[in-house]
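S.K.: Sequence below, structure please.
(4 chains)
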2 protein chains.
Amino acid sequence: MANIKETSVIQENKSNAFAACPVTFVVERIGGYWKPIILFNLLAGTRRYHELRKAVPGITEKVLIQQLKQLEADQLVTRISKPVVPPYVTYELSPQGKALRPVLLAMAEWAVGHGGAQSEQFEKQLADFPGEE
Amino acid sequence: MANIKETSVIQENKSNAFAACPVTFVVERIGGYWKPIILFNLLAGTRRYHELRKAVPGITEKVLIQQLKQLEADQLVTRISKPVVPPYVTYELSPQGKALRPVLLAMAEWAVGHGGAQSEQFEKQLADFPGEE
DNA sequence: ACAAGTACTTACCCAATGGTATGTTCAACT
DNA sequence: AGTTGAACATACCATTGGGTAAGTACTTGT
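M.R.: Numbers count the residues shown, from 1 in each chain, chains lettered A, B, ... in the order given. This next block holds a predicted model:
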């Protein structure tokens, strides 16, 4: 019987930081590579699962589902499933998720300002971005 | 000789997403757990290495250095080293880094609004947060 | 009868992130 | 001569995020 490892010091440390720093609180929820991107897409409105797949290029099904589940568990998105065949499932931002709009828009604007060669493209993307619903 | 793996498809996919989505552009630079937290601390002003260690609880030296190097490589922070002994090294936000202020503040404000039990604490933190320099 | 489409699930794998622990350099202090 | 302190570097390990590939359930279209 090898090392058993009691509850991991790391998690405790993270909880400490979590308690102290508001940014940490946010990172714990929308950190990682894909979550902000998914949220940004949902900001534009309710999307079916399949639509999200197309809207977020490069993401795989597994990861998309995985991230959606986590976002759902953190109550940032709401999953609505109609019991029909073929399945009809949509995802949309919860009120908490919608409250992230300023964060995501601030990100997008920074990208416009500091995206170098991409800036123009980003600007176009933002131009036809839907406002509040 | 086993599979050699040419340049990784993943990176290509990421570059695609990167090209299309402004939020992806940002995530590529300040994604991960620690970077936003470090940037948030630097937002309050120039800090010595040792000060950062204390300001960011739970981070280890290795990871702190690592993240600082990456931020420096991405030109979000500037490292200033005085050639004295003992070493005197400070880190501060570059202009690009300072431009992230709205992003980080938006995060902090979201935390205040949605931090549940922690909200009050976050609010205090933000109250004595320095403004623009 | 069979392919197609939708929204997943499962099993397996790799690479990056992050953590622990220790070493280094140089000078001032004791 | 040994310790201390700043700002790292390095070696090694564990965890996690993310990727690939395949399978599932159920119905509609051909």
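
S.K.: following the lowest-mean-pLDDT helix or strand in chain A, which helix or strand shows up next?
M.R.: Every helix and strand of chain A was ranked by mean pLDDT, DSSP states H and E. The lowest is helix A:9-20, at a mean of 45. Per DSSP states H and E, helix A:9-20 leads on to helix A:22-30 as the next helix or strand towards the C-terminus.

S.K.: Next, the angle helix B:22-30 makes with that following helix.
M.R.: On the basis of axes from the mean of the first three to the mean of the last three C-alpha atoms, to 10 degrees, helix A:22-30 is oriented at 120 degrees to helix B:22-30.

S.K.: Name the residues of helix A:22-30 that are buried.
M.R.: Residues of helix A:22-30 classed as buried under the neighbour-count rule (16 or more other C-beta atoms under 10 Å in any protein chain shown) are A:Pro22, A:Val23, A:Thr24, A:Phe25, A:Val26, A:Val27, A:Arg29, A:Ile30. Any C-beta I mention is one placed from the backbone N, CA and C, and that applies to glycine too.

S.K.: what phi and what psi does the backbone show at the residue nearest the centre of chain A?
M.R.: When C-alpha atoms, centre = their mean is applied to chain A, the residue found nearest the centroid is A:Lys35 (2.7 Å). Backbone torsions for A:Lys35, taken as degrees, to the nearest 10, come to phi -60, psi -50.

S.K.: what do you get for A:Ile80?
M.R.: Dihedral angles for A:Ile80 - degrees, to the nearest 10 - are phi -120, psi 120.

S.K.: I'd like to know the beta-bridge partner residues of it.
M.R.: A:Thr90 (DSSP bridges).

S.K.: ok, now which ones touch it?
M.R.: Listed by C-beta atoms under 8 Å, 6 or more residues apart in numbering or on different chains, the contact partners of A:Ile80 are A:Val89, A:Thr90, A:Tyr91, A:Glu92.

S.K.: How about A:Lys82?
M.R.: A:Lys82 touches A:Tyr88, A:Val89, counting by C-beta under 8 Å, 6+ apart.

S.K.: any idea of the pLDDT on it?
M.R.: With respect to pLDDT, A:Lys82 has a value of 88.

S.K.: thinking the residue nearest to the centre of chain A is in contact with A:Lys69, fair?
M.R.: No: using C-beta atoms under 8 Å as the test, A:Lys35 is too far from A:Lys69 to be in contact (11.4 Å).
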